[in-house]
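Colleague: build me a structure from this.
(one chain, ligands or ions: 1)
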Amino acid sequence: MTLLCKLENIPDGNAVGMVAEVAGKKRNIFVVRRGQRVSAYLNWCPHNQVLIDQIPGQFFNHDKTYLQCSKHGALFRIDDGFCVKGPCEGEYLKALDSYILGENILIKD
Ligand code: FES
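Modeller: Below you'll find the predicted structure:
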């Protein structure tokens with residue numbers, strides 16, 4: 001397992017990008033928090049293989065109902081990273097196996 005950060009480092013309803021070791025490699029990832037639930041994904045759009053937050057730190061659409069790639073606007077479900085609209089519709093963000101333990105957010109290797 002890999003420790004990402006403390007739960008309190010991600011304000012409720014927000015997402016934070018970071019670099020973490022995933023399967024032995026340093027990768028750009030981001031973590032979404034909603035209350036006591038977290039979801040973590042590789043920060044890598046399945047359309048053009050670029051960071052989702054081309055505008056640094058901006059991971060959501062305007063009303064925060066979906067994750068949004070800021071390059072061409074693809075929309076992804078927050079819970080599972082499924083692309084519901086955009087050039088990569090039907091594809092997924094790569095989800096990481098994230099969980100909360102005490103005050104910390106971790107991912108399983
Ligand atoms: S690079 Fe993400 S929608 Fe095109």
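Colleague: tell me which parts of the protein are close to the ligand?
Modeller: 45, 47-48, 50, 69, 71-72, 74, 86-87 (CB under 6 Å from any ligand atom). In this view, the C-beta of every residue, glycine as well, is placed from N, C-alpha and C.
Colleague: got the contact list for stretch 58-78?
Modeller: 13, 15, 17, 30, 32, 34, 39, 41, 45, 47-48, 50, 52-55, 81-89, 92-93 (CB atoms under 8 Å, 6 or more residues apart in numbering).
Colleague: just name the closest of the residues of the chain next to the ligand to L4, please.
Modeller: C45 (20.5 Å; CB to CB).
Colleague: so how far is E89 from the nearest residue to that closest one once chain neighbours are set aside?
Modeller: Distances taken as CB to CB, 6 or more residues apart in numbering place C69 nearest to C45, at 4.4 Å, with adjacent residues excluded. Taking CB to CB, to the nearest Å as the measure, C69 and E89 are separated by 12 Å.
Colleague: just for this protein, where's the confidence low?
Modeller: Along the chain, no part satisfies pLDDT under 70.
Colleague: 90 instead, please
Modeller: 109 (pLDDT under 90).
Colleague: how about the strands in it?
Modeller: Counting by DSSP state E, the chain has strands at residues 2-6, 15-22, 25-34, 37-42, 67-68, 75-76, 83-85, 95-96, 98-101, 104-107.
Colleague: what's the most buried one of these?
Modeller: Burial of the strands of the chain is given as mean neighbour count (mean count of other CB atoms under 10 Å); strand 67-68 ranks first at a mean of 24.
Colleague: show me how far that one is from its chain's centre.
Modeller: Averaging C-alpha positions (CA atoms, centre = their mean, to the nearest Å) puts strand 67-68 9 Å from its chain's average.
Colleague: and what of stretch 62-71?
Modeller: On CA atoms, centre = their mean, the centre of stretch 62-71 falls 11 Å from the chain's centre.
Colleague: report the beta-bridge partners for the residue lying closest to P56 once chain neighbours are set aside.
Modeller: Nearest residue to P56 in three dimensions, chain neighbours excluded: G17, at 7.4 Å (CB to CB, 6+ apart). On the basis of DSSP bridges, G17 takes part in beta bridges with F30.
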